[in-house]
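J.: Just to be clear, the model below is a prediction. Sequence and coordinates:
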Amino acid sequence: QVHLVESGGGLVQVGGSLRLSCAASGSSFSDYAIGWFRQAPGKEREFVCAISWSGAATWTADSVKGRFTISRDNAQNTVTLQMNSLKPEDTAVYYCAGDQKGFGPQGPYNYWGQGTQVTVSS
């Protein structure tokens, strides 16, 4: 199984950028598709971006399309979520998730990180 740890969250002003990282350990990272999800207070968790095992395919939610980019480095066992032009509505706890069979927006994903807080201030 894989252990996932997110980092890179923080406080940023509207229009700013953040880069989130999802670091993996414990298993062959290239066997896992990875997804990023977020959950704002009082709201359901929602899909943000996902990337296939090799990185050849990516998926991006309409709400962040053109602003967020997902990438992976299997040699470094990391997936990066580059977030630009941040808006207050991007404020949430961001989670990365992985699975050997599930992929894309629907997953399902069996392995989840602990989350990292992103706060966009106006």
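T.: Yep, that arrived. Numbering: from 1, shown residues only.
J.: Tell me which residue is most central in the protein.
T.: In the chain, the centroid-proximal residue (Cα atoms, centre = their mean) is residue 36; its distance is 2.7 Å.
J.: would you list every one of the strands in the protein?
T.: 3-7, 10-13, 18-25, 33-39, 46-51, 58-60, 68-73, 78-83, 92-99, 111-112, 116-121 (DSSP state E).
J.: what's the closest non-adjacent residue to residue 50?
T.: Nearest residue to residue 50 in three dimensions, chain neighbours excluded: residue 35, at 3.9 Å (Cβ to Cβ, 6 or more residues apart in numbering). Backbone N, C-alpha and C define where each C-beta goes, glycine included.
J.: Pretty sure that neighbour sits against residue 96.
T.: Yes - Residue 35 is in contact with residue 96 according to Cβ atoms under 8 Å; the separation is 7.1 Å.
J.: So, low pLDDT: which residues of the chain?
T.: Residue ranges of the chain with pLDDT under 70: none are present.
J.: how close does residue 43 get to residue 121?
T.: 18 Å (Cβ to Cβ, to the nearest Å).
J.: Check residue 65 too.
T.: Distance from residue 65 to residue 121, by Cβ to Cβ: 23 Å.
J.: for residue 26, same thing?
T.: 36 Å.
J.: one step back: list the contacts for the residue nearest to the centre of the chain?
T.: Counting by Cβ atoms under 8 Å, 6 or more residues apart in numbering, residue 36 touches 20, 22, 47-50, 70, 79, 81, 94-97.
J.: burial count for residue 109?
T.: 22 (other Cβ atoms under 10 Å).
J.: Ignore what I typed, I meant residue 95.
T.: Residue 95: 22 neighbours (other Cβ under 10 Å).
J.: My read is that it contacts residue 46, right?
T.: No - applying Cβ under 8 Å as the test, residue 95 and residue 46 come out as separate, 10.6 Å apart.
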